[in-house]
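S.K.: here's my sequence, what's the structure:
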Amino acid sequence: MEINLVPEKLRRHEISGRIEIVNGHGGFPLVKIRTPWSLAEIYLHAAHVTQFQKNGEPPLLFLSANSHFAAGKAIRGGVPICYPWFGPRAGEPAHGFARFTAWELVKTAAAPDGTVTVCFALPELPDREAWKNLRTEFVVTIGETLTMELIATNESCDETLAIENCLHTYFQVGDISAVTLAGLEVAPFDDFAFGAGGARRLAENAPLRIAQETNRVYPDNAATVEIIDERLQRKIRVAKSNSNSTVVWNPWTTQKMPEDFDQAEYRQMVCVESGNVKQDKILLAPGKTSALKVVLSSVTLK
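M.R.: Numbering: from 1, shown residues only. Predicted coordinates for the structure are as follows:
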C-alpha cells in the first residue's frame, strides 16, 4: 500500500471528490482536480499545469515522456510560466526563475456550478532582491475549459518594474503535418528559427501549416488562435486578454533539443504561447497590477 506523505498544511486544501494532493513525479506535491467535465493536474513545482483533459477526449496538453521532475529543472511540456522575463538573459536562467521555483498553494475552492479554482503565490526569494516588490499570483480555474490568470502587482512605492510574462503552452496534437493554426493570417511576425535572427516577416495571409522548424513571435497581437487538428478531429481555441504577444514554436528535427525532449516528439506537439514579451514587455508602475488571462477550450470537428 502506497503511503502519501503530503504535509498536513497542504492536505487542508483538499476537497472531497474534487481536489486531492499527492506525491507526484520526483516527490513533488501534485494537485489533482476532478470536475464533472474534466480532470487536471498541477505541480507546486513552478505552479506547473501538466494535464488538462476533458471527458472522452485526448489530453489537451503535451508532456514529454523524457521530462525532468527535479529541483532546479523545468518541466518539459504542459504550461511553463515564463516570468519575470522571457528568453535568454546574461548570467540568468532562460525564461526567468518562476519555472524553477516551488510556489505556495494558498487557496482552493469548488463552486456550486462544478468548477474548481486553485490559487498559487510565488514566494519572496532571498536571492532575488531586485524582484522583492513584485507580488505574483497564479489562479487556475478548471471546468469545461481551462482558465489561467497570472497576476503581477508592483508593491514598490517609487520604482517601475519592467517584466515579461508568457504562458508557454504545449498542446497535444495527432500529427503536426495535419494541423492548421488559424487567427494569425494578417499578422507580421519576428522569425527566430535557425538562421533567421529575429527577422521581421510580412503577414502570410493564410492559415499557418507547420512543415519545418518554427519559432515565431507575433508582436502587438491580441488575436485568438485556433488549432485545427485533422488527426484528432479537434479544434482547440486559445483566447487571451492583456496579452500583446503570441509565440508559435515547434522544433521540428532541426533545432537541437536537450535530453528532456525526444526529438521524435515534435510530431505530437505545438506551442501557442500567450504573453507580453520583447517589445511588448510591461512597464508596471508602483502600486499597479497586470493580469494575463488565457482560456483554453476545445470542440470536436464536424
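S.K.: once you drop chain neighbours, what's closest to Gly114?
M.R.: Pro36 (4.6 Å; C-beta to C-beta, 6 or more residues apart in numbering). All C-beta atoms are positioned from the backbone trio N, CA, C, and that covers glycine.
S.K.: now do Gly78
M.R.: Gly78's closest residue in space is Thr50 (C-beta to C-beta, 6+ apart), at 3.9 Å.
S.K.: my guess is the one you found meets Ala74, correct?
M.R.: No - using C-beta atoms under 8 Å, Thr50 makes no contact with Ala74, being 11.7 Å away.
S.K.: higher neighbour count, these two?
M.R.: Thr50 (26 against 23; other C-beta atoms under 10 Å).
S.K.: rounded mean pLDDT for the helix or strand hosting that one, please.
M.R.: Under the criterion of DSSP states H and E, Thr50 resides in strand 48-54. In this model, strand 48-54 carries a mean pLDDT of 98.
S.K.: and the contacts of that strand?
M.R.: 37-43, 59-61, 63, 75, 77-81, 99, 140, 142, 144, 146, 148, 296, 298 (C-beta atoms under 8 Å, 6 or more residues apart in numbering).
S.K.: how much space separates the residue nearest to Gly78 from Asp229?
M.R.: When C-beta to C-beta, to the nearest Å is applied, the distance between Thr50 and Asp229 equals 20 Å.
S.K.: list the contacts for the most centrally placed residue in the chain?
M.R.: Centroid-nearest residue in the chain, with C-alpha atoms, centre = their mean: Val79, separated by 2.7 Å. By C-beta under 8 Å, 6+ apart, the residues touching Val79 are His48, Val49, Thr50, Leu61, Met148, Leu167, His168, Thr169, Tyr170.
S.K.: ditto for Lys293
M.R.: Thr147, Met148, Glu149, Lys240, Ser241, Asn242, Ser243.
S.K.: now the buried members of the residues you listed.
M.R.: Neighbour-count burial (16 or more other C-beta atoms under 10 Å) applied to the contacts of Lys293 gives Thr147, Met148, Glu149, Lys240, Asn242, Ser243.
S.K.: so who does the closest residue to the first one other than its chain neighbours touch?
M.R.: Read it as Thr147. With sequence-adjacent residues excluded and distances taken as C-beta to C-beta, 6+ apart, Thr147 is closest to Thr141, at 4.2 Å. If you count contacts by C-beta under 8 Å, 6+ apart, Thr141 has them with Thr115, Val116, Thr117, Val118, Thr147, Met148.
S.K.: just the element for the last one, please.
M.R.: Same thing as Met148. strand 146-154.
S.K.: contacts for that strand?
M.R.: Under C-beta under 8 Å, 6+ apart, the answer for strand 146-154 is 38, 40, 49, 52, 60, 79, 81, 83-84, 133-141, 160-161, 163, 165, 167, 282, 284-297.
S.K.: direction included, what does that strand pair up with?
M.R.: strand 134-142 (antiparallel), strand 289-300 (antiparallel) (DSSP bridges).
S.K.: and those as JSON lines, adding distance to Gly197 and mean pLDDT?
M.R.: What follows is the strands paired with strand 146-154, written out as JSON lines (distance: least, C-beta to C-beta, whole Å; pLDDT from 0 to 100):
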{"stretch": "strand 134-142", "distance to Gly197": "31", "mean pLDDT": "98"}
{"stretch": "strand 289-300", "distance to Gly197": "27", "mean pLDDT": "98"}
